[in-house]
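S.K.: Show me the folded form of this:
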Amino acid sequence: MSLRNLLSLMLLPASVVYLGAQEMGEPDLASDEFMQRFSASYGVLSEKEPPLDDIEIVMLKKIAPLIRINKTQAQNFLQSMVNSEEKHSASFNYLLGNIYFENNEFLLAETQYKAAIEAFPDFQRAWTNLGVLKLKSGDTKSALISFLKAVELGDSKSETFGMLGYCHFAEGNYISAEVAYNRAVLAEPDNLDWLEGKAQTYLKAERYVEAIRMQDELIARRPRRAEYWLAQTNAYLGMKDHAKAARNLEIIRSLGDIDFQSLYLLGGLYSKLEMWQPARDAYLEAAEYARPGDTDFLIQATKLLAYHKEMEAARELYSMIDLTTDGIDDTALSDYKVVGADIAIHAGDTDQAIALLEEAEGINPTDGNTLVRLARLHAQNDNTAKAYMLLDRAEMDPQSEYDALLTRIKLLIKEDRFAESQTFVGRALKLRSDESTKALYDQIEAAAKSSNG
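M.R.: Below is the predicted model of the structure:
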């Protein structure tokens, strides 16, 4: 595996880790504050409501206190009204829908809201609450339609614009999300949900500079909130500012709110910065937090350390990897054997290295990287016949063909078989026409002519 690919793998989790089940800016529809606001939506407030005759007004005056003190009785009363054949105001469907909503009977609530809207299409608050219901169920597309209609009908509440902003964000409409969040923040500047949503919008739109500034404001308000530091870390990663991303993760570490993914990413960042001692420390600490599904990441971290000849750190991390857990695939197991062989070679134990590489070969017989490594060790033990057989197979792997050819060429040169090596260096030059390969080609050609002369 190339260094570029390996480092890319080390940083892979960054985009996944920090957006949890509830993303920053997602309205908390189960909070006490939201439910208090929702409860306040029972009354009849504006001209964007169905008209009421005198009898209906009297009935509403009786229902209003009942809703506060005995919702079950109010629900039964409203159900009898909307189910009767007598004509009734859509307000009663709306009120019944609210009670169903609070009771978590969402399908029944949706039916009543839609009945209210069908009877009175300009029913502003029915559209708003239908949007809330759809948002709660995760249907942001339908919620967006409802909130847009509510705003068109005059709903200017900050929470409506905040939820509208979130729906636009979820649907990928980032400019519209920003505009909606701006309205929400303007009306309710202390509601951090809307500031969070705006920051997330900038992040998803890859407007990293603005995202960082927004997150600076959030951090200033709640400096011990790990999510804000993590979100800003994502923005710094987007800008490829690995030093500042690492700084943020260290701050989270100092807050005591660290986990495997954060430490693994921190190790990857320090690796990018070639700061190997902090990388080692981060990886070793990550191993203490590792779960069964994290084993492959630890193996990749060990490979990276070994690749950069940080062998003592690689050995320490290798010793902490637990293979007894379920779910380790063949690729990870093969990688584990290969990196173990690297550590054994560093310790001078060639026999152990060969044994581990042969185990890796047994797991994946076509992996050229393993075959090349094994061939080199057999060649060191003067078993060149075995080495050449392994190289024959390694050359069939496009990912390792060049390395296999170079290894063969070196063996042939060592045996003064210059003419034979010309064929293989020609193949290598077709695969990679860089200066070093061209120089090798010229040297072998000259040596072949000299030996023939």
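
S.K.: For the stretch 201-350 of the chain, give me the ranges with low pLDDT.
M.R.: Counting by pLDDT under 70, the stretch 201-350 of the chain contains low-confidence ranges at 326.

S.K.: Correction: the previous question concerned the stretch 351-453 of the chain.
M.R.: In the stretch 351-453 of the chain, residues with pLDDT under 70: 452-453.

S.K.: Return the backbone torsion pair for Asp155.
M.R.: Per-residue torsions, Asp155: phi -70, psi 120 (degrees, to the nearest 10).

S.K.: what's it in contact with, if anything?
M.R.: Counting by Cβ atoms under 8 Å, 6 or more residues apart in numbering, Asp155 touches 124-125, 127-128, 147. In this view, the C-beta of every residue, glycine as well, is placed from N, C-alpha and C.

S.K.: Over to Leu356?
M.R.: Counted by Cβ under 8 Å, 6+ apart, Leu356 has contacts 337-338, 340-341, 344.

S.K.: quick one: which of the residues you listed sit in helices?
M.R.: Within these, residues falling in helices by DSSP state H are 337-338, 340-341, 344.

S.K.: Throw the residues you listed into TSV and include neighbour count, thanks.
M.R.: Below are those laid out as TSV (neighbours: other Cβ atoms under 10 Å):
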residue	neighbour count
Lys337	22
Val338	26
Gly340	24
Ala341	26
Ala344	20
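
S.K.: Out of the residues you listed, the closest to Ala287 would be?
M.R.: Within the ones in helices among the contacts of Leu356, the smallest distance to Ala287 is 15.7 Å, found for Gly340 (Cβ to Cβ).

S.K.: how about the helices of the stretch 251-400 of the chain, start to end?
M.R.: Ranges of helices in the stretch 251-400 of the chain, per DSSP state H, counting those that start in this stretch, are 260-272, 276-289, 295-307, 311-319, 330-346, 350-363, 368-380, 384-394.

S.K.: need these in a markdown table with distance to Ser156, can you?
M.R.: Below are the helices of the stretch 251-400 of the chain laid out as a markdown table (distance: least, Cβ to Cβ, whole Å):
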| stretch | distance to Ser156 |
| --- | --- |
| helix 260-272 | 40 |
| helix 276-289 | 47 |
| helix 295-307 | 48 |
| helix 311-319 | 57 |
| helix 330-346 | 55 |
| helix 350-363 | 64 |
| helix 368-380 | 63 |
| helix 384-394 | 69 |
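
S.K.: State the distance from Glu102 to Ser158.
M.R.: Here Glu102 is placed at a distance of 22 Å from Ser158 (Cβ to Cβ, to the nearest Å).

S.K.: I misspoke; the intended subject was Gly131.
M.R.: According to Cβ to Cβ, Gly131 and Ser158 sit 15 Å apart.

S.K.: Check Gln124 too.
M.R.: Distance of Gln124 to Ser158, given as Cβ to Cβ: 16 Å.

S.K.: more crowded one of the two?
M.R.: Gln124 (22 against 17; other Cβ atoms under 10 Å).

S.K.: Isn't the more buried one up against Val151?
M.R.: No: checked against Cβ atoms under 8 Å, the pair Gln124 and Val151 is beyond contact range at 9.1 Å.

S.K.: who touches both of these two?
M.R.: Residues touching both Gln124 and Val151 (Cβ under 8 Å, 6+ apart): there are none.

S.K.: Packing partners of the helix or strand harbouring Arg125?
M.R.: According to DSSP states H and E, Arg125 maps onto helix 124-136. When contacts are defined as 3 or more Cβ pairs under 8 Å, 6 or more residues apart in numbering; DSSP states H and E, helix 124-136 sits against helix 90-102, helix 106-119, helix 140-152, helix 158-170.

S.K.: again, only using 6 Å
M.R.: Where contact means 3 or more Cβ pairs under 6 Å, 6 or more residues apart in numbering; DSSP states H and E, helix 124-136 is packed against helix 106-119, helix 140-152.

S.K.: Return the set of buried residues in stretch 106-115.
M.R.: Using 16 or more other Cβ atoms under 10 Å as the test for burial, stretch 106-115 gives 108-113, 115.

S.K.: Also stretch 147-166?
M.R.: Across stretch 147-166, burial judged by 16+ other Cβ under 10 Å covers 147-151, 153, 155, 157-166.

S.K.: now swap in stretch 60-79 and tell me
M.R.: In stretch 60-79, counting by 16+ other Cβ under 10 Å, buried: 60, 63, 66-67, 74-75, 77-79.

S.K.: now, which of these sits nearest Glu217?
M.R.: Nearest to Glu217 among the buried residues of stretch 60-79 is Ile67, at 40.0 Å by Cβ to Cβ.

S.K.: What separation do you get for the closest one and Thr350?
M.R.: As judged by Cβ to Cβ, Ile67 and Thr350 stand 82 Å apart.
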